[in-house]
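Q: Fold the following and give me the result.
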Amino acid sequence: MQISIRYFTILREITNKKEETLSFPENQKITIDTALKKLSTKYGKPFTDYLFDTKGQVKNFLQILINGNSITTTATDDKLSTTLQNGDTLIILPPVGGG
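A: Below is the predicted model:
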């Protein structure tokens, strides 16, 4: 199973990538949490510190999208337990300001 990850701003600098593909065993259930933990292991402390708060939760100023849809619209209470499908694109968006 493969999913694409897209990065913006600081995460693009940390990973030195705009996008990458993660591969997982076909028989493994992959959730958003699974993918984020794999990325934290791969990119280490700078990635983890930017993404997660001290309780291990994704910081509330970040938006996570699956195929362009915010996970805040998913039916599950624990948004990070949302199951990913082969070919999904996971996007991690920082806050956007303007004026």
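Q: now Leu11, what's its secondary structure?
A: Three-state assignment for Leu11 (DSSP: H, G, I helix; E, B strand; the rest coil): helix.
Q: Equivalent analysis for the one 3 residues further on, please.
A: When the structure is split into helix, strand and coil by three-state DSSP, Ile14 lands in helix.
Q: Just to check, it is in contact with Ser40?
A: No. The pair Ile14 / Ser40 is not scored as a contact, 10.8 Å apart, by Cβ atoms under 8 Å. Backbone N, C-alpha and C define where each C-beta goes, glycine included.
Q: Now do the shared contacts for the two.
A: Shared contacts of Ile14 and Ser40 (Cβ atoms under 8 Å, 6 or more residues apart in numbering): Phe47.
Q: neighbours of the closest residue to Asp33 other than its chain neighbours, just the number please.
A: With Cβ to Cβ, 6 or more residues apart in numbering as the criterion, Asp33 has its nearest non-adjacent residue at 4.0 Å, and that residue is Leu80. Neighbour count of Leu80, defined by other Cβ atoms under 10 Å: 18.
Q: Repeat that for Ile64.
A: Using other Cβ under 10 Å, Ile64 has 21 neighbouring residues.
Q: In the sheet, which residues pair with it? Tell me.
A: Ile64 has the following beta-bridge partners by DSSP bridges: Ile92.
Q: Equivalent analysis for the one 5 residues further on, please.
A: As for beta bridges, Asn69 partners with Ile66 under DSSP bridges.
Q: For it, give its distance to Thr9.
A: Asn69 is 21 Å from Thr9, where distance means Cβ to Cβ, to the nearest Å.
Q: quick one: low-confidence ranges for this structure?
A: Filtered on pLDDT under 70, the chain yields the residue ranges 73-78, 97-99.
Q: Let's see that with 80 instead.
A: Within the chain, the stretches with pLDDT under 80 are 72-79, 95-99.
Q: Check the burial of the residue nearest to Thr72 when sequence neighbours are not counted by counting its neighbours.
A: Closest residue to Thr72 apart from its sequence neighbours, by Cβ to Cβ, 6+ apart: Lys79 at 6.8 Å. Close neighbours of Lys79, defined as other Cβ under 10 Å, add up to 18.
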